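# The sequence and its predicted three-dimensional model are supplied below.
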Number of protein chains: 2
Amino acid sequence: MLNPVTTAFETQLRAILPETAFKADPTPYLTEPRGRWTGQGFVVAPASTQKVAAVVRACADAKIGIVPYGGGTGLVGGQLQYDGPPPVILSLERMNQIRDIYPSENVLVCDAGVILANVQKAAEDVDRLFPLSLASEGSARIGGLLATNAGGVNVLRYGNARAQCLGLEVVRPDGTIWHGLTRLHKDNTGYDLRNLMIGAEGTLGIITGAALKLSPRPVGIGAAMMAVPSPDAALALLALARTQLGDGISAFEIIHRQSFEFLAEVGPEIKSPFAEIPEWCVLIDVGLAAGLAPNEALEALFVAAFDADLVTDGAVAQSHAQRTAFWHIRESIPEANRRIGSISSHDISVPLSAIPTFITRGAEALAALGAFRINCFGHLGDGNLHYNVFPMPGLTRADYEAARPQVKRVVHDLVHQMAGSVSAEHGIGRLKVDDLAKYGDPAKLEMLRAIKKALDPDGIMNPGAVVRL
Amino acid sequence: MLNPVTTAFETQLRAILPETAFKADPTPYLTEPRGRWTGQGFVVAPASTQKVAAVVRACADAKIGIVPYGGGTGLVGGQLQYDGPPPVILSLERMNQIRDIYPSENVLVCDAGVILANVQKAAEDVDRLFPLSLASEGSARIGGLLATNAGGVNVLRYGNARAQCLGLEVVRPDGTIWHGLTRLHKDNTGYDLRNLMIGAEGTLGIITGAALKLSPRPVGIGAAMMAVPSPDAALALLALARTQLGDGISAFEIIHRQSFEFLAEVGPEIKSPFAEIPEWCVLIDVGLAAGLAPNEALEALFVAAFDADLVTDGAVAQSHAQRTAFWHIRESIPEANRRIGSISSHDISVPLSAIPTFITRGAEALAALGAFRINCFGHLGDGNLHYNVFPMPGLTRADYEAARPQVKRVVHDLVHQMAGSVSAEHGIGRLKVDDLAKYGDPAKLEMLRAIKKALDPDGIMNPGAVVRL
């Protein structure tokens, strides 16, 4: 059993950290993007790995829980402990330095508190690409992105956060430091601790630094939006695009008409490239090597797809501004969803070929429960859909309190039946701990618990997240 | 303490498995490619996951060690236990079925005992690429390749074995089965057990099946060999190639003149593209999207590199046969090395920009010990060199018994000083257990031991490999 942060312990922390490491107002650290829960705890922001280690040692000695805090953009409550003894909330925001860049090695080493957009910018400044990209990139921090193995729009081509990381520096639950901040592209000495820490959501240690892998910048950038007659056609279009463009496809996103209707209803304002909003459309982004013209390639893809009845309408971005406008549509959908207020949001994946069936069966199963609006969009190329269920017009989230558990169960049961995942990219946090326990393979759950016990025997790291002991 | 396999236990195994699962002659399973050690143990080859589980349960009950056995091509003794109580050697060779292929998902699911070349072929048959490629691909099996996180020549572009795997089926040390054979490209539910098992060299469980990720087949394939004035120039050439060809570069291998001299001395026979063998050359392999001509691209690269004094001579393969001939040179080097007989072989990596310094300082440090021939070649694009030290002409490996530990120490100390890895791709096995203990970060070693104890408390899985408890 853990102890709460007491006034005496706060005094102890004030002896470790300077005044600037404390917050007059903890409120921003106790809320989360969707406003679902309120956290609790005492916020500190150490500015160095050594200071993080000192705080962790003090917490370990006193058996006080620690919630590591990055940009606070997580959607599953991993950054926010709403019950149990009040913990220390350890924000990495003051560890925000890019430590070194090695352009010839395609490596960037930084503190865990650096904001993603700043890493992207630093890579761009040396003519490299840091491909991790997602809607919250202006506030999400590298440590949190790695702790949650964030996904985003470029996973199809570049993989998720773990694929962008070469090495980590981690403060362990006893306050010792794992110096794993290697710039090596290959190192086969012992178990893969890096990937174990990535995706552990701060339950096995606190990431304080990372060596990130940069990529060459594609020379020819382009984007297109194409209307497709069905999700089946969208998958066939993806296969055709891969045949014609190889791994030049950076993103392949699907968007349902509901997204456009929400955007029209509540904003943000967008400009549709379609005269008539299609039931389904895709946003394709390409980054090609020198010598290839992205717009010609996308136009050739459109022609071939049109001949094969895979697309009915479309537009290739004729300028950088138009490409940005296409992406603005995609990136505005989460905000529109937030304004409408979902009954239940799901971040699911199924095997790629099962997506059309999932969409059909999901709609049927929900129709059997009642009338809903379904906004289905996301990373089709990865088999990952954001499948969110909303009130009918004129009603609100509050009108569906009773229905919510059923909605969630129906969707997750279907995903599980179809060999899918109930958290494709957002992680488990605290929101999905029961889902993991319910749907997880028993052998997997045993191993997760065994690892948690082995590496954090007192259970002080992000208590209540991912697994319960 | 583990127990040896006894005649009584053999009888017990014969009740579990059919006659075909036993071997009249265990000899092939007790030797390894370099002939350095002789193993011991009782060989069984179950033909199904359930049978593997039954054998493991029997071993767990009797506290008898198990050495998982794939293709037997490992170079660090991970497949062979030469001391301690004789174990069960569990060969996956009869689990050799490709279970399913999903071309539209770019996924192939197979038994762990399938030979790599057969996976490559199956992918090719559906117009896909399985990019893992290495000299032993005709005998190495998928389970062993994943257990050791094998590298090979295409890591620069496609990553190592772990990057090719979506899911695993694993028999745990207590005989229960982890059903983690997912085809999902994204699944963020709990710790990354897949990557923990990959690279664990059979010490945490036995991989019995894998879901592998296929890639689009590049349309335009090409290769060139270019003479470079120095390792520095080779790195600059790599950077230039990346600028001109983006991620179209599949492999970038460096070869020292010593390799050609060994090939001339002992074979295998090769045909050099150079009139005069240069001190250093590189082999560049490209796979480009449709619309790009690989030979034109390589010739343009050569011209730009020649203008920048980065290359002095070169040849672009004018046919598939010539590309194969180039690769034949590269792939024959390990066999030539074997025939010469190394004093000590090292599979090291250092940060990419440190490679030229490592090569200079390595030669100096060895010269201080005595006279040797150094054959340095390998995956320059990954910072991974095979740095092998050989007897002077007229002498043999046996003449250097006394020098061997010093040679190894000098090389590994230098690698460690330069923040490198003493096992970039071959793993730890039994050969490098002391190296890991000596050079490994203390916090890392503690975590490795804690994980091993947590997941294999009796220590029956591949005893003595990777970590000692």
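Okay, I see it. Numbering: from 1, shown residues only, chains lettered A, B, ... in the order given.
# so residue A:244, which of the three states?
helix (DSSP: H, G, I helix; E, B strand; the rest coil).
# which residues sit in contact with it?
The contact partners of residue A:244, by Cβ atoms under 8 Å, 6 or more residues apart in numbering or on different chains, come to A:297, A:300, A:301, A:304, B:290. To be clear about C-beta, it is placed using only N, CA and C from the backbone, and glycine gets the same treatment.
# swap the cut-off to 6 Å and go again
residue A:301 (Cβ atoms under 6 Å, 6 or more residues apart in numbering or on different chains).
# Show me the residue sitting in the middle of chain A in space.
residue A:150 (3.6 Å; Cα atoms, centre = their mean).
# Which residue is the nearest non-sequential neighbour of residue A:304?
Leaving aside its sequence neighbours, residue A:304 sits nearest to residue A:240 (Cβ to Cβ, 6 or more residues apart in numbering or on different chains; 6.3 Å).
# ditto for residue A:104
Counting by Cβ to Cβ, 6+ apart, residue B:353 is the residue found nearest to residue A:104 once chain neighbours are left out, at 5.2 Å.
# The one you found reaches residue A:105, doesn't it?
Yes - the criterion here is Cβ atoms under 6 Å, and residue B:353 meets it with residue A:105 at 5.4 Å.
# hang on, residue A:67 packs against residue A:91?
No - Residue A:67 lies out of contact with residue A:91 (Cβ under 6 Å); the separation is 9.4 Å.
# Number of residues surrounding residue A:450?
Counted with other Cβ atoms under 10 Å in any protein chain shown, the neighbours of residue A:450 add up to 18.
# looking at this, it is in a helix?
Yes - read with three-state DSSP, residue A:450 is one of the residues of a helix.
# in the stretch 1-150 of chain A, what residue is nearest chain B?
When scored by Cβ to the nearest Cβ, the stretch 1-150 of chain A has residue A:105 as its residue closest to chain B, at 4.1 Å.
# so what pLDDT did that residue get?
Per-residue confidence at residue A:105 stands at 93 (pLDDT).
# Grab the nearest non-local neighbour of residue A:39.
That would be residue A:80: by Cβ to Cβ, 6+ apart, it lies 3.6 Å from residue A:39.
# so residue A:312 makes contact with residue A:228?
No - Residue A:312 lies out of contact with residue A:228 (Cβ under 6 Å); the separation is 7.2 Å.
# Which of these two has more residues huddled nearby?
A direct count of neighbours by other Cβ under 10 Å for residue A:312 and residue A:228 places residue A:228 higher, at 26 against 18.
# So that one sits against residue A:236, correct?
No - using Cβ under 6 Å, residue A:228 is not in contact with residue A:236, being 8.7 Å away.
# Spell out the residue ranges of the helices in the stretch 151-300 of chain A.
A:155-158, A:193-197, A:231-245, A:257-266, A:294-307 (DSSP state H, counting those that start in this stretch).
# what's the burial count for residue A:16?
Applying other Cβ under 10 Å, we find 14 residues neighbouring residue A:16.
# and the closest residue to it other than its chain neighbours, what helix or strand is that in?
Spatial nearest neighbour of residue A:16, chain neighbours left out: residue A:54 (4.9 Å); criterion: Cβ to Cβ, 6+ apart. If you go by DSSP states H and E, residue A:54 is part of helix A:49-62.
# Moving along the chain from that helix, name the first helix or strand you hit.
Helix A:49-62 is succeeded, C-terminally, by strand A:66-69 (DSSP H and E).
# Please export the C-alpha coordinates of that following strand as PDB.
Extracted in PDB, the C-alpha atoms of strand A:66-69 (Å, rounded to 0.1, in the frame of the first residue of the first chain):
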ATOM      1  CA  ILE A  66       4.800   9.000  -8.900                       C
ATOM      2  CA  VAL A  67       2.800  10.000 -12.000                       C
ATOM      3  CA  PRO A  68       5.200  11.000 -14.800                       C
ATOM      4  CA  TYR A  69       3.800  13.900 -16.800                       C
END
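# So what touches whichever helix or strand comes after it?
Toward the C-terminal end, the helix or strand that comes next after strand A:66-69 (DSSP H and E) is strand A:88-91. Residues outside strand A:88-91 that contact it (Cβ under 6 Å, 6+ apart) are A:5, A:29, A:41, A:42, A:43, A:44, A:45, A:59, A:66, A:67, A:68, A:69.
# Also stretch A:360-378?
A:255-256, A:258-259, A:333, A:384-390, A:392, A:406, A:410, A:414.
# Can you see whether the helix or strand of chain A at the bottom of the mean pLDDT ranking contacts chain B, counting any residue in it?
Counting by mean pLDDT, DSSP states H and E, chain A has its least confident helix or strand at strand A:215-216, which shows a mean of 90. Yes - under the criterion of Cβ under 6 Å from any Cβ of the partner chain, strand A:215-216 makes contact with chain B via residue A:216.
# And stretch A:454-469, by the same measure?
Yes - counting by Cβ under 6 Å from any Cβ, chain B has neighbours in stretch A:454-469: A:454, A:455.
# What mean pLDDT does that stretch get?
96.
# try stretch A:296-314
In this model, stretch A:296-314 has a mean pLDDT of 97.
# Okay, buried residues for it please.
Neighbour counts using 16 or more other Cβ atoms under 10 Å in any protein chain shown place A:297, A:298, A:301, A:302, A:304, A:305, A:310, A:311, A:312, A:313, A:314 of stretch A:296-314 among the buried residues.
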